[in-house]
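[1] What shape does this take:
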Amino acid sequence: MKLYIKYMVSLRCKMMVVEELKKLGMHYGTIELGVVEILEDINQEQRDQLKKNLLKSGLELLDDNKSILIEKIKNGIMEMIHYSDELPKVNYSDYISEKLGYDYTYLASTFSEVRGVTIQQFIILHKIERIKELILYDELNLTEISYKLNYSSPAHLSNQFKKVTGMTPSFYRKLKLKRNKNLEDI
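    Below is the predicted model:
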């Protein structure tokens, strides 16, 4: 049996879920972003208790199919952008559709209806957050970052970054350097 958990987006979240499952004596198999496989059937009382305990940690046990689908889309995108070494070389729409086993048009309309943004906008926002991370790590130059995140060019990356954040990647990097310098002066 699979349970779907909203806001489970990091290793720390996974650890909190494991703790709650252990407290309730539940046996689990795989745990991925937003999904935990329970090895036995659970009764409504156990489900309600798990739901209550997860809410205390800022996590939400999902019950309805539409919410579960949205969470699967979000987790697939976050996994692809934040936790993969390299993004897929296919269109994101094909990747998401294939991963979830649904027609992309259905996924896109459901996502937009529930989230109020398109899947493409959601992807762009997460790519920008990933770019910020990579700039802060200071291990890759802009050309390498654009290649890693499948941008057609560093200029395209820069234009999209500026459109979303209001600043260029180089200005963002300078802010980081200035902040670090100010911290050294303390």
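[2] would you say residue 167 is within a strand?
    No: Residue 167 sits outside any strand when classified using DSSP: H, G, I helix; E, B strand; the rest coil, being coil.
[3] Quick check: the gap between it and residue 158.
    Residue 167 is 10 Å from residue 158, where distance means C-beta to C-beta, to the nearest Å. For the C-beta atoms, the positions are set from N, CA and C on the backbone; glycine is no exception.
[4] Have a look at those two and say which one is more surrounded.
    The neighbour comparison of residue 167 against residue 158 (other C-beta atoms under 10 Å) goes to residue 158, with 17 against 13.
[5] my read: the more buried one touches residue 142, true?
    Yes: the criterion here is C-beta atoms under 8 Å, and residue 158 meets it with residue 142 at 7.1 Å.
[6] any idea which element the residue most central in space within the chain lies in?
    Using C-alpha atoms, centre = their mean, the residue of the chain that lies closest to the mean C-alpha position is residue 78, 2.6 Å off. Assessed by DSSP states H and E, residue 78 sits inside helix 65-82.
[7] Kindly report the same for residue 55.
    Judged by DSSP H and E, residue 55 forms part of helix 44-56.
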